[in-house]
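Asks: have a look; sequence and predicted model below, questions after that.
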Amino acid sequence: MNRIFPGEINGHLIENTAYKIMQDIKGADMVLDIHSSNIFLREVMQVRINIQTANELIPYARILNTDFIWVHNAATVLQSTLAHSLNTAGTKTLVVEMGIGMRITRKYGNRLVDGIFNLMSGMGMWKGKKPEMIAEPFVSTDGEVIFMNADVSGVIIPSVSHSTAVRKGDILCQIVEPFEGKILQDVLSPVDGFVFTMRTYPIVYEGSLIARIYKPSELHP
């Protein structure tokens, strides 16, 4: 369904459902579209924002108690998604991505609840006690995002986890041949940075995404 928004009142069942969801939510003060990752990757708590709405939404994302704000143009925040459709309609919407697909990470859930109350407090919607500790996220526009892909097919043996600071040349993982255990590739970090995405599914094929690293700029070490 998250590829057919804003829907169509006279469309088929799913299109009509998407249309009615849009009409129900549109006009809210703030919408959070909360996702886990897919079954292949583990993500730190992050907010993903369309570059077209970054100036308006980054101040809200900063107080949501996440680790990272990724401003980009990927399909997660672009056309035919709920978030893009709502933002286009004038309803502020943040996409939150965290954890791994098909699983519930209690720690992240609890953190996000604190972040939601902090956001509500900042927007004047909550008058109760605010969380005492709120994370200060990295923002991708203060640096760049590096994609690490497999050069060969095989089984990965991770050397680091997500949410880890790495140095240029550190081994992220090894890709091995599954029958003999022969090392086919040492996957090395090309930069000093912060691993915000790490592959958890052990089988990789040539070109498979292994990790994403945030590299701070010289002005934001």
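Replies: That came through, no problem. Worth saying up front: this structure is predicted, and the values here are computed from it rather than measured. Numbers count the residues shown, from 1 in each chain.

Asks: identify the residues contacting S217.
Replies: By C-beta atoms under 8 Å, 6 or more residues apart in numbering, the residues touching S217 are 142-144. (C-beta placed from N, C-alpha, C; glycine too.)

Asks: taking those residues one by one, which sit in strands?
Replies: Members of the contacts of S217 lying in strands (criterion: DSSP state E): 143-144.

Asks: I'd like the contacts of S217 written out as JSON lines, with pLDDT added.
Replies: Shown next, in JSON lines, are those (pLDDT from 0 to 100):
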{"residue": "D142", "pLDDT": "78"}
{"residue": "G143", "pLDDT": "84"}
{"residue": "E144", "pLDDT": "91"}
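
Asks: listing partners with orientation, what would you give for the strand ranked longest in the chain?
Replies: Criterion DSSP E: the longest strand present in the chain is strand 41-50. Its sheet considered, strand 41-50 pairs with strand 68-72 (parallel), strand 93-100 (antiparallel), strand 193-199 (antiparallel) by DSSP bridges.

Asks: can I get that strand in CSV, CA atoms only?
Replies: Output in CSV follows, covering the C-alpha atoms of strand 41-50 (Å, rounded to 0.1, in the frame of the first residue of the first chain):
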residue,chain,number,x,y,z
LEU,A,41,19.6,-4.9,7.4
ARG,A,42,19.7,-3.5,10.9
GLU,A,43,19.3,0.2,11.2
VAL,A,44,20.0,2.7,14.0
MET,A,45,17.1,4.9,15.0
GLN,A,46,16.9,7.4,12.2
VAL,A,47,14.6,9.9,10.6
ARG,A,48,14.5,10.0,6.8
ILE,A,49,13.5,13.3,5.2
ASN,A,50,12.9,14.4,1.6
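
Asks: pLDDT of that strand, averaged?
Replies: Averaging pLDDT along strand 41-50 gives 95.

Asks: now it: how far from the chain's centre is it?
Replies: Distance of strand 41-50 from its chain centroid, counting by C-alpha atoms, centre = their mean, to the nearest Å, is 1 Å.

Asks: which parts of the helix or strand following that strand are buried?
Replies: Next helix or strand after strand 41-50 toward the C-terminus (DSSP states H and E): helix 54-61. Residues 54, 57-58, 60-61 are the ones in helix 54-61 that count as buried (16 or more other C-beta atoms under 10 Å).

Asks: chain center to helix 54-61: distance?
Replies: 15 Å.

Asks: and it, what does it pack onto?
Replies: strand 41-50, strand 68-72, strand 93-100 (3 or more C-beta pairs under 8 Å, 6 or more residues apart in numbering; DSSP states H and E).

Asks: CA atoms of it as CSV?
Replies: Only the C-alpha atoms of helix 54-61 are listed here, as CSV (Å, rounded to 0.1, in the frame of the first residue of the first chain):
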residue,chain,number,x,y,z
ALA,A,54,14.3,19.3,5.0
ASN,A,55,14.3,22.9,6.1
GLU,A,56,10.9,22.6,7.6
LEU,A,57,11.2,19.1,9.2
ILE,A,58,14.8,18.9,10.5
PRO,A,59,14.0,21.0,13.6
TYR,A,60,11.3,18.5,14.6
ALA,A,61,13.5,15.5,13.7
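
Asks: all set now, cheers.
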